[in-house]
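Chemist: Let me see the structure of the following:
(one chain, ligands or ions: 1)
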Amino acid sequence: MALTVGLRPLTRALLRPWARVPGAALGRPAAGSGDGVRCFGSPRVLVEPDPAAGVAVMKMRNPPVNSLSLEFLTELLISLEKLENDKTFRGIIITSDCPGIFSAGLDLLEMYGRDPAHCAEYWKAVQELWLRVYLSNLVVIGAINGISPAGGCLLSLSCDYRVLANNPKYAIGLNETLLGIIAPFWFKDVLVNTIGHRAAERALQLGFLFPPSDALQVGIVDQVVPEDQVQSTARSVMAQWLAIPDHARQLTKNLVRKPTADRLLQQRDADIQNFVRFISRDSIQKSLHVYLEKLKQKKG
Ligand SMILES: CCCCCC/C=C/CC(=O)SCCNC(=O)CCNC(=O)[C@H](O)C(C)(C)COP(=O)(O)OP(=O)(O)OC[C@H]1O[C@@H](n2cnc3c(N)ncnc32)[C@H](O)[C@@H]1OP(=O)(O)O
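Modeler: Model (predicted):
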């Protein structure tokens, strides 16, 4: 799939070939590689390759909460495209480098107080990340080591398999209604595909954030394991998935997922316009303001 985001100069600049990680992470040997295999990535995305296994671990590190800002989305897209195009890799594990947080979801500051052109560019990047992960030819496993609301949950749901750490704080779900906003139809479609119509109907309207035991029961994650076993479990699950011939697995994945992705692909521009119209409403901006204030006050 070609990377088609119509980006502004700032974000286009990020799309240069494979930026190296600055500072300490630069050229750090990948965990367990022992053979000089180097980590790479970008400021917010650390990629630990294991070429022998054909697997790369992609660690999100956009502190404090891995909110999906435009820059972060762009870096994730670059990393994913690079891995997708490198025949060395057959699978990726997406996880977080921010303790206790997988991803706080979309960056509210990209939609609050912004002009329509910015909101449109942002939404296009959100669409692009979803399409890239959801339709990836690679096996994509989510090693969910922290809380994962809204856009964080969408990212998880777009993986082929989800392993969640068993910590009651690590809730997962599409909680948009709690913010006074609405999960777009393609977020909803992915949830319905995963947990079924009735469970999704309740979860979406009530903005459920499922703690691990409930998450497993409803099927929004595939496995819940002790926190220190999330990465090793993701690795063993990956080995099972990689035992299947790539072409058969990829075509089957496409068969199952294409109709859902096509619904967005057929109306991307309309979806962007709809988002911009919705998010620009005074009432929605007010809801976002109230929610952001609540987040601030929680601290004080
Ligand atoms: C058709 C129209 C469709 C519109 C659809 C729009 C779809 C949106 C989907 C989304 O993803 S919306 C985002 C939903 N996310 C959330 O509700 C999570 C909000 N955050 C939290 O609940 C908490 O931050 C946390 C993740 C549980 C972490 O808690 P913790 O106590 O560890 O940290 P905080 O002190 O709360 O946060 C630190 C810092 O980060 C800011 N922040 C948190 N989340 C976001 C975010 N999603 N976007 C931007 N900024 C965020 C928070 O405000 C703090 O900032 P400060 O400056 O340090 O005070």
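Chemist: Count the neighbours of Ser42 for me.
Modeler: Residues contacting Ser42 under the criterion other CB atoms under 10 Å number 24. Where C-beta positions appear, they are placed from N, C-alpha and C, glycine not excepted.
Chemist: The stretch 201-300 of the chain against the ligand: which residues are in contact?
Modeler: Listed as neighbours of the ligand in the stretch 201-300 of the chain under the rule CB under 6 Å from any ligand atom: Asn274, Phe275, Phe278, Leu295, Lys296, Lys298, Lys299.
Chemist: Closest to Asp115 out of those residues?
Modeler: Asp115 lies nearest to Phe275 out of these, by CB to CB, at 13.6 Å.
Chemist: Surely the closest one is in contact with Cys119?
Modeler: Yes - shown here, Phe275 and Cys119 form a contact pair, counting by CB atoms under 8 Å, at 6.7 Å.
Chemist: Which members of the residues of the stretch 201-300 of the chain next to the ligand occur in helices, if any?
Modeler: Asn274, Phe275, Phe278, Leu295, Lys296, Lys298, Lys299 (DSSP state H).
Chemist: which of these tops the neighbour count?
Modeler: Compared across these, Phe275 has the highest neighbour count, 20 neighbours, by other CB under 10 Å.
Chemist: where exactly do the strands run in the stretch 101-250 of the chain?
Modeler: 139-144, 146-149, 161-165, 172-173, 223-225 (DSSP state E, counting those that start in this stretch).
Chemist: Show me what the third one pairs with in its sheet, parallel or antiparallel.
Modeler: It stands for strand 161-165. Partner strands for strand 161-165, per DSSP bridges, with pairing direction: strand 139-144 (parallel), strand 223-225 (parallel).
Chemist: related to what we said a few turns ago, the ones in helices among the residues of the stretch 201-300 of the chain next to the ligand: which two are farthest apart?
Modeler: Every pair of those checked by CB to CB; the farthest is Asn274 and Lys299, at 33.7 Å.
Chemist: Switch the strands paired with strand 161-165 over to a markdown table; also include mean neighbour count and mean pLDDT.
Modeler: Converted to a markdown table, those look like this (neighbours: other CB atoms under 10 Å; pLDDT from 0 to 100):
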| stretch | mean neighbour count | mean pLDDT |
| --- | --- | --- |
| strand 139-144 | 27 | 99 |
| strand 223-225 | 19 | 98 |
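Chemist: Next up, the contacts around the residue lying closest to Ile182 once chain neighbours are set aside.
Modeler: If you skip the residues right next to it in sequence, Ile182 has Glu176 as its closest partner in space, 5.9 Å away by CB to CB, 6 or more residues apart in numbering. Residues near Glu176 by CB atoms under 8 Å, 6 or more residues apart in numbering: Ala150, Ile182, Ala183, Phe187, Leu204, Gly207.
Chemist: Is the fourth one in contact with Gly173, as I believe?
Modeler: No - the pair formed by Phe187 and Gly173 falls short of the contact definition of CB under 8 Å, at 11.0 Å.
Chemist: nearest to the ligand, of the contacts of Glu176?
Modeler: Ala150 (3.0 Å; CB to the nearest ligand atom).
Chemist: correct me, but Glu48 touches Arg61?
Modeler: No - assessed by CB under 8 Å, Glu48 is found out of contact with Arg61, at 11.9 Å.
Chemist: More neighbours: those two, which one.
Modeler: Shown here are Glu48 and Arg61; by other CB under 10 Å, Glu48 has more neighbours (23 against 17).
Chemist: who does the helix or strand containing that one touch, helix- and strand-wise?
Modeler: Assigned by DSSP states H and E, Glu48 belongs to strand 45-50. In terms of contacts (3 or more CB pairs under 8 Å, 6 or more residues apart in numbering; DSSP states H and E), strand 45-50 is packed against strand 40-42, strand 55-60, helix 70-85.
Chemist: wait, which of the ones you listed is closest to the ligand?
Modeler: helix 70-85 (10.7 Å).
Chemist: Each with direction, which strands does the next helix or strand after the closest one pair with?
Modeler: Downstream of helix 70-85, the first helix or strand assigned by DSSP H and E is strand 91-96. Partner strands and pairing direction for strand 91-96 (DSSP bridges) are strand 55-60 (parallel), strand 139-144 (parallel).
Chemist: Cool, thanks, talk later.
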